[in-house]
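**Student:** When you get a sec, could you give me coordinates for this:
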Amino acid sequence: MLLVIDAGNTNTSLGVFNQTELVAHWRLTTARSRTVDEYGVHARNLFELAGLDVKAIGAIAIASVVPPLNYTLKTMAETYFHLTPFFIDHSVDTGLPILYEPAGDVGADRIVDAVAAVTKYGAPCIVVDFGTATTFNAINARGEYMGGVITPGIMISSEALFERTAKLPRVDIRRPSTVIGSSTIAAMQSGLYHGFVGLVDGVLKKMIEEIGATPRAPRVIATGGLASLIATGSEFIELVDETLTLEGLRLIYERTHPAITN
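**Tutor:** Model (predicted):
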């Protein structure tokens with residue numbers, strides 16, 4: 001079986017594949033101060049709760065946008081799984097030509113998302129990943145990674161309101177029943193939700209126009225923690241794929257390691 005790890009700035013997602021089947025997946029808070037042993041114990045506990053045998057893992061693939069965590073995750077894999085993990089970045093043969101300059105600036109998660117989207121849904125396409133930052137990633141009809149857009153994530157906006165204002169509280173992110181809020185909390189929730197949906201659709205409209213409709217208009221796929229929430233109000237998001245990044249990790253590992261251990 002294959003263990004895949006997506007280490008993001010806010011959350012770290014783990015998944016276990018038995019060949020092409022995702023048999024278990026989890027989401028943890030990313031903690032840069034967490035030790036090798038803490039990550040190892042967390043992983044073992046999750047495996048035990050899911051009824052999985054740690055010894056059944058034959059390979060580990062990692063996409064990380066948090067460089068300080070790389071050594072910790074590598075050592076955790078070697079100590080607790082007795083495996084050397086495979087880290088994915090722009091230099092790996094993913095089958096995805098990268099037009100971004102320099103290619104090394106493209107985050108591993110963006111590469112992995114793009115590979116999964118092209119494989120599962122075809123090109124051209126746009127992947128919107130709702131993480132700490134919200135990234136819009138464009139793949140043209142030739143299956144090339146063109147580039148994209150990076151904006152602050154909705155949680156960053158919410159925390160900025162709370163931290164930079166004296167009287168505004170911290171609020172949950174949710175879709176309000178009306179646009180016009182009848183209380184401070186409702187007004188903030190409306191601003192965050194509808195403001196972010198407007199941002200997302202405004203960016204997507206322009207990206208779709210630039211990519212064009214030859215041979216067809218690009219499909220728009222959303223992933224990440226708040227993808228389902230924002231997609232309910234979006235005019236352009238066609239579908240939500242919560243495990244897109246994990247699938248991309250599997251696809252790239254299988255491409256680069258044909259004799260994957262099951």
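
**Student:** And stretch 59-79, end to end?
**Tutor:** Terminal residues of stretch 59-79 lie 14 Å apart, using C-alpha to C-alpha, to the nearest Å.

**Student:** which residues are in contact with it?
**Tutor:** Residues from elsewhere that reach stretch 59-79, judged by C-beta atoms under 8 Å, 6 or more residues apart in numbering: 2-9, 12, 30, 32, 34-37, 39-40, 43, 81, 83-88, 107-109, 111-112, 245, 248-250, 252-253, 257, 260-261. For the C-beta atoms, the positions are set from N, CA and C on the backbone; glycine is no exception.

**Student:** Would you state the helices of the stretch 1-150 of the chain in chain order?
**Tutor:** Assigned by DSSP state H, counting those that start in this stretch, the helices in the stretch 1-150 of the chain fall at 36-49, 67-76, 108-121.

**Student:** which one of those lies closest to Thr134?
**Tutor:** helix 108-121 (11.6 Å; C-beta to C-beta).

**Student:** C-alpha coordinates for that closest one, PDB please?
**Tutor:** C-alpha atoms of helix 108-121 as PDB (Å, rounded to 0.1, in the frame of the first residue of the first chain):
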ATOM      1  CA  ALA A 108       4.200  20.900  -5.100                       C
ATOM      2  CA  ASP A 109       0.500  20.900  -4.200                       C
ATOM      3  CA  ARG A 110      -0.400  23.000  -7.300                       C
ATOM      4  CA  ILE A 111       1.600  20.500  -9.500                       C
ATOM      5  CA  VAL A 112      -0.100  17.500  -7.900                       C
ATOM      6  CA  ASP A 113      -3.600  19.000  -8.200                       C
ATOM      7  CA  ALA A 114      -3.000  19.800 -11.900                       C
ATOM      8  CA  VAL A 115      -1.800  16.200 -12.700                       C
ATOM      9  CA  ALA A 116      -4.900  14.700 -10.900                       C
ATOM     10  CA  ALA A 117      -7.300  17.100 -12.600                       C
ATOM     11  CA  VAL A 118      -6.000  16.500 -16.100                       C
ATOM     12  CA  THR A 119      -6.000  12.700 -15.600                       C
ATOM     13  CA  LYS A 120      -9.500  12.600 -14.100                       C
ATOM     14  CA  TYR A 121     -11.300  15.300 -15.900                       C
END
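
**Student:** which strands and helices sit next to it?
**Tutor:** If you count contacts as 3 or more C-beta pairs under 8 Å, 6 or more residues apart in numbering; DSSP states H and E, helix 108-121 packs onto strand 59-64, strand 125-130, strand 133-139, strand 145-152, strand 219-224, helix 244-256.
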